[in-house]
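*Asks:* Need a 3D model of the following:
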Amino acid sequence: MAYCARPGQKLIVPAGNEKECALILAKPGHEGCGIYPVALLEDVVAYFRGERKLDNALKAGISFDSFIERAPDFGLIRGQAKSKEAACIAAAGGHNLLLIGPPGEGKSLMASALPGILPRLSDEEKVQLTRIYSAYGALEKDGVAVTRRPMRTIHHTASRQSVVGGGSRIPRPGEITLSHLGVLFLDEIAEFSTSTLEALRQPMESGEIQISRVGATLSYPARFTLVAAMNPCPCGYYGTDLCRCKNVDVRKYQRKLSGPILDRIDLQVELSRLSTDERFAETKEESPRLRALVERARERQRKRFAGLPIPHNAAMPGGRVLEYCNFGEDARASLRSIVDRNVLSTRSMDRLCKVARTVADLKDCEQVEPAHLEKAAEFVVGGMLREAL
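*Replies:* Reported below is the predicted structural model:
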């Protein structure tokens, strides 16, 4: 909703809409405003005639039930320290993440926990998401709003239309729009059809999806963090005594992911099988600490890109990445060495620079240093998928 009330303004709204309006007036600058719900037009006429009073719903207090449940805490994920580090970098810089590992070792849980360390939604973002879910028909219960970042899971059997949106009569938002400002989780990404994955390329770049119908073209927001998961081989147990897959089958399986899609996934990390000690280790709360780190890193990016249509490091446009990253002389020399050593393409080099910038932001460093590049290279350069392609 684009409307912006003035301080002290009184709003008369249809009964039942007062909670949605309260979301808008929660923003700074709306002090002293009032919301007056009415059920009948006669009540409005009587009010302006001075024949009756209207009650300010804000005085009674308005509370919301969140449509989206709280994300599980990162502390529930046992072991997988390197994967948690990659997830924190993904959250801090808006980077897409690919998790590779055997079944049952925490890929789905990590994707579910990621929204819990993303920055808290602003009031404006809450309004935007509530409108999306309302248009989808999900908010049937009165007093429900979207106050947490969404996480949507897509199975590889999902139709292309359910993913991107559409419909023969009235187009509805798809899963990529329902995951706007949150996480879109593609489980077993190697099993998705090529057409579905290719349909994700444009919204992953632009942050929106356009749906064309006769006489009209609709645009839905779709700026999400993509988390994809896959097994390392057809059986899932590559590198262990349990795996019986032939090398040719492993390569064929890993090559199911197209180069253009992989080019849009900044981070790759392999999850290992947990040891017995890790399985029985005590858990402790981690998400609040990680969220504080992420929010501080995002604040640095907000100041860096002030006045520019760049929401975070991952969205830096190609061709200007080095300009925004602030590399020192030692870091530039280190970057050149990594690029030469690994024969990186220009797009891969840009991804490396963006991730290194996020690592530096998490460390509260103004300049990108060689150590930040080396850490970024652990997740951007190499890995079994790059070797297979």
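*Asks:* Next, the contact list for residue 223, please.
*Replies:* Shown in contact with residue 223 (C-beta atoms under 8 Å, 6 or more residues apart in numbering): 180-181, 207-208, 311. C-beta: built from backbone N, CA, C; applies to glycine.
*Asks:* Counting only strands, which of those residues make the cut?
*Replies:* The strands, defined by DSSP state E, take in residue 208 from these.
*Asks:* most surrounded residue in the contacts of residue 223?
*Replies:* Among those, residue 180 has the most neighbours (other C-beta atoms under 10 Å), with 26 neighbours.
*Asks:* just for the stretch 101-250 of the chain, where's the confidence low?
*Replies:* Applying pLDDT under 70 to the stretch 101-250 of the chain flags residues 140-143, 168-169, 213-216.
*Asks:* now the helices for it?
*Replies:* 107-113, 123-136, 160-164, 175-178, 194-199, 201-206, 247-254 (DSSP state H, counting those that start in this stretch).
*Asks:* Redo the ones you listed as TSV? Include mean neighbour count and distance to residue 67.
*Replies:* Output for the helices of the stretch 101-250 of the chain, formatted as TSV (neighbours: other C-beta atoms under 10 Å; distance: least, C-beta to C-beta, whole Å):
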stretch	mean neighbour count	distance to residue 67
helix 107-113	22	16
helix 123-136	18	6
helix 160-164	19	19
helix 175-178	24	11
helix 194-199	15	26
helix 201-206	16	22
helix 247-254	15	37
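*Asks:* Tabulate those helices (TSV), appending distance to residue 229.
*Replies:* Listed next are the helices of the stretch 101-250 of the chain as TSV, based on distance: least, C-beta to C-beta, whole Å:
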stretch	distance to residue 229
helix 107-113	4
helix 123-136	24
helix 160-164	16
helix 175-178	16
helix 194-199	14
helix 201-206	17
helix 247-254	14
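*Asks:* Show the contacting residues for the residue sitting nearest the centre point of the chain.
*Replies:* Taking C-alpha atoms, centre = their mean as the criterion, residue 225 is the residue nearest the geometric centre of the chain, at 2.9 Å. Contact analysis of residue 225 by C-beta under 8 Å, 6+ apart lists 90-91, 94-97, 114, 118, 182-184.
*Asks:* Residue 315 and residue 349, how far apart?
*Replies:* 17 Å (C-beta to C-beta, to the nearest Å).
*Asks:* sorry, back to before: for the residue nearest to the centre of the chain, name its beta-bridge partners.
*Replies:* residue 183 (DSSP bridges).
*Asks:* How about the secondary structure of the residue in the chain sticking out farthest from the centre?
*Replies:* Computed with C-alpha atoms, centre = their mean, the residue of the chain farthest from its C-alpha average is residue 51, at 51.2 Å. Of the three states, residue 51 takes coil under DSSP: H, G, I helix; E, B strand; the rest coil.
*Asks:* Contacts only, for it.
*Replies:* Contacts of residue 51 (C-beta under 8 Å, 6+ apart): none.
*Asks:* Which pLDDT value belongs to it?
*Replies:* At residue 51, the pLDDT value in this model is 85.
*Asks:* What of residue 389?
*Replies:* Model confidence at residue 389, given as pLDDT, is 40.
*Asks:* Quick one: end-to-end distance for stretch 224-237.
*Replies:* 30 Å (C-alpha to C-alpha, to the nearest Å).
*Asks:* domain parsing for the chain?
*Replies:* Per automatic domain parsing, the structural domains of the chain span 10-63, 74-279, 316-388.
*Asks:* Let me see the ranges of the strands in the protein.
*Replies:* Using DSSP E, strands in the chain cover 10-14, 34-38, 65-66, 97-100, 144-145, 151-154, 165-166, 172-173, 183-186, 208-213, 216-221, 225-230, 267-270.
*Asks:* Appreciated, that's everything.
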